[in-house]
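K.L.:
Using only what follows, build the 3D model:
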Amino acid sequence: MFDNKDKTNLNELGEFGLIEYLTKQVELTQKSSVKGIGDDAAVLDFSNYKTLISTDLLLENVHFDLRYVPLKHLGYKAIQVNLSDIYAMNGMASQVTISIGLSSKFPLEAVEEIYEGALIACKKYGVDLIGGDTSASTQGLVISVTSIGYAETDKIAYRSAAKEGDLICVSGDLGGAYVGLQLLEREKQIFLENPNIQPDLEGKDYIVERQLKPEARKDIVELLAALEIQPHAMIDVSDGLASEILHICKASNVGCKLYEEKIPIDPMTYETAREFGLDPTVCALSGGEDYELLFTIPQDDYDKVKGQLDISVIGHITEASAGYQMISKSGNVHDIKAQGWNAFKSEE
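P.N.:
You can find the predicted model right below:
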């Protein structure tokens, strides 16, 4: 896949040389970053804030396919999906570590691209890269990112704090990342059958970007704070709307009622899903990787969010005995079931 001619073999640098090479231009900008790369451990000081920590693992051919995922995008996405977990706690991300396992097929220049994408994401979101590791891998490319952040004790939003009567809100739009993945997979198959045919992604930039270059919703956390809204429960939409609302309901011991017509779906997502013979609503419910924020707020805060173009009220929290329901556009009641992506599902 890589043309290694005139490329730098990683063996020429060694592990410590590689780390030094990749991190030589890293600068610390967060006040909480006391010590970053260069010692046995980073030193952080969050003063009176609670510390938030999350880790994600991305594996080649499980979480990404290098036949259509550019390495720079992969580095960017690896950071974004992890920051999203901090924002899903209604917190602010401040530091990350990134560890990479790679095989000998990757030259130095390939690793540089991954780090370049990661550092672009860090700079954009004001996050410090404070450490990590590199290792040889016999199982393809492995990326592990740990994100660290902070929040005031009474501002943290747990999955378990939804209350009966709460409004259910979601940021942005849903289903785009999944439909973008279907488009990329289709073009990959066409290419494998005939390498002379170039991918046809014209006019589909938005949904392709939703898959390859997601954006964590730090802005929504900042917006809620500006609106003086304290979300009761919150989660990011990584595995599909259905899976995430069930996580909240089960953790909070409540039920829910969603309204299909209220679920935000971009026109390009809708049209492309139809082209593939897919139900756009199912793509939103079960697709995943949108990295939007799903949260519940008190009914009294409705007036604060009703004019916000990037927040949709899609239902409300009910008592647990009412179950988990979605009201279709035609008025039919459907039980909500989690059918999101499963990393441990065996291949058929």
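K.L.:
separation between the closest residue in space to residue 238 that isn't next to it in sequence and residue 314?
P.N.:
Computed as CB to CB, 6 or more residues apart in numbering, the closest residue to residue 238 that is not its neighbour in sequence is residue 288, at 5.8 Å. All C-beta atoms are positioned from the backbone trio N, CA, C, and that covers glycine. Separation of residue 288 from residue 314 (CB to CB, to the nearest Å): 17 Å.
K.L.:
Just the strands from the protein, written as ranges.
P.N.:
33-35, 43-44, 50-59, 92-102, 128-136, 142-151, 167-171, 233-236, 255-259, 293-297, 311-318, 324-327, 333-335 (DSSP state E).
K.L.:
The fifth one packs against which elements?
P.N.:
Helices and strands touching strand 128-136, as assessed by 3 or more CB pairs under 8 Å, 6 or more residues apart in numbering; DSSP states H and E, comprise helix 14-23, strand 33-35, strand 92-102, helix 108-125.
K.L.:
Put together TSV for the ones you listed, with distance to residue 153 on each row.
P.N.:
Putting the helices and strands packed on strand 128-136 into TSV (distance: least, CB to CB, whole Å) gives the following:
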stretch	distance to residue 153
helix 14-23	33
strand 33-35	22
strand 92-102	14
helix 108-125	23
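K.L.:
my guess is the residue nearest to residue 238 contacts residue 178, does it?
P.N.:
Yes - counting by CB atoms under 8 Å, residue 288 sits close enough to residue 178 to count as a contact (6.3 Å).
K.L.:
Need the residues touching each of those two.
P.N.:
Shared contacts of residue 288 and residue 178 (CB atoms under 8 Å, 6 or more residues apart in numbering): residue 240.
K.L.:
So for those two, which sits in the more crowded spot?
P.N.:
residue 178 (28 against 24; other CB atoms under 10 Å).
K.L.:
In space, what's closest to that one - neighbours in sequence excluded?
P.N.:
In space, residue 178 is closest to residue 287, 2.6 Å off (CB to CB, 6+ apart).
K.L.:
give the contact list for the closest residue to residue 94 other than its chain neighbours.
P.N.:
Closest residue in space to residue 94, ignoring its immediate chain neighbours: residue 30 at 4.7 Å, by CB to CB, 6+ apart. Residue 30 sits next to 94-95, 126-128 when contact means CB under 8 Å, 6+ apart.
K.L.:
Out of these, who's the most crowded?
P.N.:
Result: residue 127 is most packed of these (other CB under 10 Å), 28 neighbours.
K.L.:
residues in contact with the spatially closest residue to residue 145 that is not a sequence neighbour?
P.N.:
Closest residue to residue 145 apart from its sequence neighbours, by CB to CB, 6+ apart: residue 82 at 4.3 Å. Shown in contact with residue 82 (CB under 8 Å, 6+ apart): 54-56, 96, 145-147.
K.L.:
Ok, residue 290 next?
P.N.:
172-178, 210, 214, 237-238.
K.L.:
What is the burial count for the residue nearest to residue 68 when sequence neighbours are not counted?
P.N.:
Nearest residue to residue 68, sequence neighbours excluded (CB to CB, 6+ apart): residue 184, at 4.7 Å. Neighbours of residue 184 under the rule other CB under 10 Å: 21.
K.L.:
same check, this time on residue 51
P.N.:
The local packing of residue 51 (other CB under 10 Å) involves 13 other residues.
K.L.:
surely it meets residue 153?
P.N.:
No - assessed by CB under 8 Å, residue 51 is found out of contact with residue 153, at 11.1 Å.
K.L.:
the domain parsing of this protein - what is it?
P.N.:
With domains defined by automatic domain parsing, the chain comprises 10-155, 159-335.
K.L.:
Switch those over to JSON lines; also include mean pLDDT.
P.N.:
Below are those laid out as JSON lines (pLDDT from 0 to 100):
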{"stretch": "domain 10-155", "mean pLDDT": "86"}
{"stretch": "domain 159-335", "mean pLDDT": "95"}
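K.L.:
show me the residues around residue 74 that make contact.
P.N.:
58, 64, 66, 114, 117, 143.
K.L.:
how far away is it from residue 106?
P.N.:
Separation of residue 74 from residue 106 (CB to CB): 12 Å.
K.L.:
Need the nearest residue in space to residue 241, chain neighbours excluded.
P.N.:
residue 285 is the one closest to residue 241 (CB to CB, 6+ apart), at 5.0 Å.
K.L.:
check contacts around that neighbour.
P.N.:
Contacts for residue 285 were tallied using CB under 8 Å, 6+ apart; they are 240-242, 263, 326, 336, 339.
K.L.:
out of the contacts of residue 290, who's nearest residue 192?
P.N.:
residue 178 (21.2 Å; CB to CB).
K.L.:
ok, residue 89 to residue 317 distance?
P.N.:
19 Å.
K.L.:
hang on, isn't residue 44 packed against residue 96?
P.N.:
No - assessed by CB under 8 Å, residue 44 is found out of contact with residue 96, at 11.8 Å.
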